[in-house]
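> Provide a 3D model corresponding to the input given below.
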Amino acid sequence: MNRLLAATILSISGVLTSVAAAGAASQAPSPPPAVPTAAAPAAPTGGQPSSEAAAPAAPAATVEVTPLRGLAGRAAALLVSGQQGGQISVSMLVFPPGSAGKPGRVPWVLDVPGPTLASATTDGNLGLELAVYGMRGDKVVGSQVCAIRVAGAPAAWQTNGGLKFLGFVDTAPVPTSLRVLVREPVSGSFGMWEFPVPAVPGRGGSHGDLGFVAVAGGPGGQGAGTGTGPMGADATDAVIMRTPTLLAIVAPEPEDAWVVAGVGGEGASATAPPFSLAGDGNVPSTRPVLKPGTTVRLVLLGAQMPLHPVMSARLRRSDGRPEVSYGARLLTRLPAPAGEFERLVVVVTLPADLAAGEHELVLGSRAGTEPGEATAAIRFRVAPPEKAAAALVWSGVPVGEGGEMVATPVRPAGAAVSEDEPPANLKAAYRDAVAHVAADDSPASLRALVNLERAALGRGDVSEFNRLANTALGLGRTVRKTSSRALLGLCLVNLDLYREHSRDEARLAIAHSRRVVEQLAELLAGDSKDKEGQREAAEILAVFAGELQAVGSWSTSERLFARAQHVDPGDVGALMGRAGVYERASQPGEAIKMLDKVLAIRPDHREARLRLGVNQRRAGQLDAAQTSLTACTGAGNPDWVRAVAWQELASMRLAEGKVPEAVAMLRTATADVPADQHLQILLASALDRERHHREALAILNAVVGRPTGGPPSARFLYAEWPHEDLDAARVRLAALRPEAMAALAAAVKEDRP
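This next block holds a predicted model:
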């Protein structure tokens, strides 16, 4: 029997002895970090509010950090469930490996806002568990697990402030992501998110080593923008080695807005590298709050930068207005405090008309007139006027959640079968429950199987996970002997189980179900000898990958899409799914490769053509983008495809300063797709730049006067994951379901003793 799964599951049970013990052995417990003093607020830095909007005196709180050797079973199940979210919001900034002076050390800043913690304490005392796991593929390559005791939590946490952790994870090899769990054990409230580790060119990598812009948002969570460089490549690739890269934009914020604690390493503080990038008297902000019209000082880490870099800035507004490009001034260029990087201090003046909300600032660097550009992005918030005086940190700015989760959850367990043998009564009960589902395919029968699985995972022990998984996989191998169609039926049943567990947020069962669905799909893929069987196996893998993609499990979904593509190279849904992952991961070159394959199979795929044009533009292939996008404006394309194509083409003209051409193009576009408001706003903006203020105002008044509601905007449809091909696969699988369930019922009946 293969021992890989047993070893892997140990890491989710909280025993994680090998990793946690190694971390504890190499890092002596550090004394409790110094508590910020109630000194006068620091002078405004990096666009922060001025002295009249200074933060209150530092909270008189003490923080004690105690290293732990692992987590209890239920807490560990949260880490492997892949369902990100929770009641405790977090925001994280991850620095590149090596920026703290050691090659395998990954520094990070984690903010836990006070408003999400205030309800957990009535006397100012608070206990938390914090786990930060370094993940590479399906392996844990380093961890920091600790208990945190806070005494004297300030009342100000009801509206602002919170806990800020400056920490390290020592890893080997370098991880692709950090998975974070913050949990309050008494109430059971938690927050679980995963953030990418910025990829440094030349460090090595594979198709799974994606560099992501991490923007965590949605219910219960905020996030931090961390720009990343190109995807990892072999260190012998001289071209990649010379590619300039910007990493980890740091905006400083006053230290006394937070209760600051150090975690890991030899103890982390605001004066230790790379945190000291933020400047004296300040700490790094994971998502800064800035004021319109102010001059912002930002600090970047750069690698392989040109001798005389030319800096630029682009502002992406949240209100739908066109992207604005303008200059950025390089103030100083110094060696970084530690590691192989250098420090760039850049000054940017924000527009005075920035609306309250969340925006994104993209900084770029290139060598003279060279076309290639290194970029990094940071999200920031602008407080409403009535909140600007009090809001120093993002938790105090009650604006709409405009971010999206761009993270990289990873495979929760290996594909091998553990040595835990399920008892006979569990196998019999599971077989009977599956037989009932296969016989009548009713919600009641499925619910009985749902309840059985959750009862079998009662405590969340490792043995319970292994026994239940082996029960399902054992039945899969048995029914496979009867027919592949019966195994397809069992795959469909387990897909339904995953959906039911997800709907109920039963995280122990979700962790189990994700593992079993994948392993049954692999069993089906290995059993399929004919092309039709391979197609069905690939569709199961792709459909499941799409469902994981929808809940933020990018890394796992990309891997399953790749597997589906390997099983059936003609699976367009898998190719589109991978393209979607790469596009959101700011890897347009990889997205282009996938989309080219789609169009080679289906030249009339309109959404693929549109996404190809958009990614060609992002990759700087402007002539190719012009050709692809122009083809998408022709008759026969859906309205939303034409609308987005027109928007991109017009934005290209505006970015080049060809405003009259943009105006002419937008007049054609608004006549072609009159219902698209984004095109109307673009036209009004272009007319305003041409000083045709009356016409611009008339267009905006017409847009404002339109009734609310109606169909989703073109940009909203584009922002969705590509799903039409996966929907078609679901329809085909639904058509096969009656035959598959009948085959499953017959196979289970034969298996009865």
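
> where along the stretch 401-550 of the chain do the helices fall?
424-440, 443-456, 462-482, 484-503, 507-527, 531-550 (DSSP state H, counting those that start in this stretch).

> can you list these in JSON lines and add distance to Pro103?
The C-beta positions use only the backbone N, C-alpha and C, and glycine is treated the same way. Listed next are the helices of the stretch 401-550 of the chain as JSON lines, based on distance: least, Cβ to Cβ, whole Å:
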{"stretch": "helix 424-440", "distance to Pro103": "47"}
{"stretch": "helix 443-456", "distance to Pro103": "43"}
{"stretch": "helix 462-482", "distance to Pro103": "33"}
{"stretch": "helix 484-503", "distance to Pro103": "39"}
{"stretch": "helix 507-527", "distance to Pro103": "32"}
{"stretch": "helix 531-550", "distance to Pro103": "32"}
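
> among the ones you listed, which is nearest Leu331?
Leu331 sits nearest to helix 531-550 of all the helices of the stretch 401-550 of the chain, at 41.0 Å, using Cβ to Cβ.

> Counting neighbours, which bits of the next helix or strand after the closest one end up buried?
As assigned by DSSP states H and E, the chain's next helix or strand after helix 531-550 is helix 554-567. The neighbour-count check on helix 554-567 (16 or more other Cβ atoms under 10 Å) flags 554-565, 567 as buried.

> cool, and stretch 628-642?
Going by neighbour count (16+ other Cβ under 10 Å), the buried part of stretch 628-642 is 628-629, 632-633, 637, 640-642.

> quick one on the thing from earlier: nearest to Arg179 among the helices of the stretch 401-550 of the chain would be which one?
helix 507-527 (13.0 Å).

> Go ahead and produce PDB holding the CA coordinates of stretch 352-372.
Output of stretch 352-372 as PDB, limited to C-alpha atoms (Å, rounded to 0.1, in the frame of the first residue of the first chain):
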ATOM      1  CA  ALA A 352      -7.900  65.000  -7.400                       C
ATOM      2  CA  ASP A 353     -11.200  63.600  -8.600                       C
ATOM      3  CA  LEU A 354     -10.800  60.100  -7.300                       C
ATOM      4  CA  ALA A 355     -14.200  58.800  -6.000                       C
ATOM      5  CA  ALA A 356     -14.600  57.000  -2.700                       C
ATOM      6  CA  GLY A 357     -14.100  53.300  -3.200                       C
ATOM      7  CA  GLU A 358     -11.300  50.800  -4.200                       C
ATOM      8  CA  HIS A 359      -8.900  51.500  -7.100                       C
ATOM      9  CA  GLU A 360      -5.800  49.900  -8.500                       C
ATOM     10  CA  LEU A 361      -2.500  51.600  -9.200                       C
ATOM     11  CA  VAL A 362      -0.100  49.800 -11.600                       C
ATOM     12  CA  LEU A 363       3.500  50.900 -11.600                       C
ATOM     13  CA  GLY A 364       5.700  50.100 -14.600                       C
ATOM     14  CA  SER A 365       9.400  50.200 -15.400                       C
ATOM     15  CA  ARG A 366      11.200  49.900 -18.700                       C
ATOM     16  CA  ALA A 367      14.700  50.600 -20.100                       C
ATOM     17  CA  GLY A 368      14.600  53.800 -22.100                       C
ATOM     18  CA  THR A 369      12.500  53.300 -25.300                       C
ATOM     19  CA  GLU A 370      12.500  49.500 -25.000                       C
ATOM     20  CA  PRO A 371       9.000  48.000 -25.400                       C
ATOM     21  CA  GLY A 372       9.200  45.500 -22.600                       C
END
